[in-house]
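everything below, folded, please.
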Amino acid sequence: MLPDEPPQPPASVAAPAALVEAAPAAVRPERMNRSAVLWVALAIFAQESVWNFYDAQVPAQLRQFVSSATVIGLIMGLDTGLGVIVQPWTGLISDRLARSRTGRWPIVVAGACVAAVPFALIPWATGLPMLMLCIFAFGLTANSFKGVTETLVSDYVAPQQRGRAQGFIKAGVSLTIIVSALISLLVVDHSLKAAFAIPPVLMVVMVALSYCFLGRRHPTALRREDTGTRTGTGTGTGTDQADPFSSPWAVLKDLVREPSRARLLLMAGIFCFAGMWAALRSLTTPYGTEVLGMTRGAAGGIALPGAIAFLVCVVPLAYLSHRLGELRMIRYGIALFVAGLLVGFAEPTPAFTAASVAIASIGYAVFSVNGLVALWGLAPNNRVLGAYTGLYTVASASGMALGPALLGATVDLTGWRYMFLNAAVLGAVTFAVFTLVARRAGRPLAAAS
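Below you'll find the model as predicted:
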């Protein structure tokens, strides 16, 4: 019987190699389960359809009560700040549920149903306190299942195929940006309350469909996965070996003591890139109204070309990343991201701004395909993938919490006209961080090759 994973390199080089290289095609023992990828993608599509519309329209809703871009950025970072607290713990809980008959699904289904309520109530808020209550309630409940949904792919897809699976899943996620932009263009200017009702209804229906078609297959998927659990020492693969990562503190202790510090550096890079992407998404709609003179609905639609570009490019980028290595591709993506921002700054018109966001979206697509899979590749064993998704969330959510506020502060200092230039400067800092990651991981990688 073929093993679940290809032979592992020595322990001293296995983790850095996993960070930037996938297994060669010749040793992949399994094909990707396309139907499982489809239904996992649908579940992730369900939650992201809400988050994208939230990022596009809640800043404009806040501007009815708040004039400072810094304050708006801080409030928009509140939900991701809650994610830093909530998601690591729900990830650990989901790891314990993962080998039950229902798996992680109870957290996903219950979270979607509860989070739909405060989201739909946002346009009904007549004052800032009520609006803040809705934002807080949505951020708390939606974050409780966000990371768990993203971990589902590790339950149904073999480790060697997760990078490619992420490419298809992220292509599905890009459709949520298109859906959000279309709702902004077609519904917001006519009925704001109806516009805010559409995404949560889509979320509940699609999560329910995904659970009905995929949840019942969970025990079979786990039996396959359990036969090839990888250990951090490289001394065995059986499930009856003692698990040294039975607590969150053990996971964190291993993370900090890892000799190459590749995981910590990667999390720093994730923090920076996620922060810049969140800032761009949160402040582009106000930029469109303030600088380009667009209506709120039209400004919310600026993201549409970027969503299309993301959709077209994300799967080819996943295959290209498999050949060139994740870290190298992420650096290329950051460079493209910065180039797109400079295009938007050079010519502040709706057409050039849309093109700018499209170029930046392709750069971000590279990161979105590779970031989480790279961190999964460094996980000491397959029983802590939910916890490692939580670590990814801590890095990305921390960046998303601070990124909009940081970019908003630069806007307050320089004016909305310079928003894209300010973001490009911060993107250059992100490139420097990933350059350091590549240098630290390069030497062990060469040994592994």
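
counting by contacts, list what the helix or strand containing Ser144 packs against.
Taking DSSP states H and E as the criterion, Ser144 maps to helix 128-156. In terms of contacts (3 or more Cβ pairs under 8 Å, 6 or more residues apart in numbering; DSSP states H and E), helix 128-156 is packed against helix 34-62, helix 78-97, helix 105-121, helix 162-183, helix 218-226, helix 385-414. (C-beta placed from N, C-alpha, C; glycine too.)

okay, angle between the first one and helix 128-156 too, please.
Looking back up the chat, that one is helix 34-62. In terms of direction (axes from the mean of the first three to the mean of the last three Cα atoms, to 10 degrees), helix 34-62 departs from helix 128-156 by 170 degrees.

rounded mean pLDDT for helix 34-62, please.
For helix 34-62, mean pLDDT is 82.

low pLDDT regions in the stretch 151-300 of the chain?
Applying pLDDT under 70 to the stretch 151-300 of the chain picks out residues 159-161, 163, 174, 215-251, 254-260.

where along it do the helices fall?
Ranges of helices in the stretch 151-300 of the chain, per DSSP state H, counting those that start in this stretch, are 162-183, 192-214, 218-226, 248-257, 262-290, 296-300.

who touches the last one?
With contact meaning Cβ atoms under 8 Å, 6 or more residues apart in numbering, helix 296-300 is reached by 56-57, 60, 180-181, 184-185, 188-189, 284-289, 292, 350.

tell me, what residue is most central in the chain?
In the chain, the centroid-proximal residue (Cα atoms, centre = their mean) is Ser368; its distance is 6.1 Å.

tell me the confidence at it?
pLDDT for Ser368: 81.

from here on, call the first residue 44.
Sounds good: first residue 44 from here, last item Ser411.

that one: helix or strand, and which one exactly?
Here Ser411 sits within helix 393-420, counting by DSSP H and E.

quick check: Tyr375 vs Phe410, distance?
Applying Cβ to Cβ, to the nearest Å, the value for Tyr375 to Phe410 is 10 Å.

more neighbours, the two?
More crowded of Tyr375 and Phe410, by other Cβ atoms under 10 Å: Phe410, with 28 against 16.

ok, now which ones touch the more buried one?
Contact analysis of Phe410 by Cβ under 8 Å, 6+ apart lists Phe316, Trp320, Ile373, Gly376, Ile377.

of all the helices of the stretch 194-343 of the chain, which lies closest to Leu449?
With Cβ to Cβ, the closest approach to Leu449 among these belongs to helix 305-333: 6.9 Å.

mind checking how far that closest one is from the chain centre?
Relative to its chain's centre, helix 305-333 lies at 11 Å (Cα atoms, centre = their mean, to the nearest Å).

got it, and stretch 162-176?
Using Cα atoms, centre = their mean, the offset of stretch 162-176 from its chain centre is 26 Å.

what's the span of it from first residue to last?
Distance between the boundary residues of stretch 162-176 (Cα to Cα, to the nearest Å) amounts to 10 Å.

buried ones in that stretch?
Phe162, Ala163, Leu164, Ile165, Pro166, Ala168, Leu174 (16 or more other Cβ atoms under 10 Å).

give me the contacts around it.
Contact with stretch 162-176 is made by 93, 97, 101, 104-105, 108-109, 118, 161, 177-178, 181, 185, 235-236, 238-240, 242-243, as judged by Cβ under 8 Å, 6+ apart.

for stretch 140-158, same thing?
Contacts for stretch 140-158 (Cβ under 8 Å, 6+ apart): 86, 89-90, 93, 133, 136-137, 181, 184-185, 187-189, 191-192, 194-195, 198, 243, 246-247, 250-251, 254, 258, 261-262, 265, 269, 429.

where's the dip in pLDDT among the buried residues of stretch 162-176?
Lowest pLDDT among these: Ala168, with 86.
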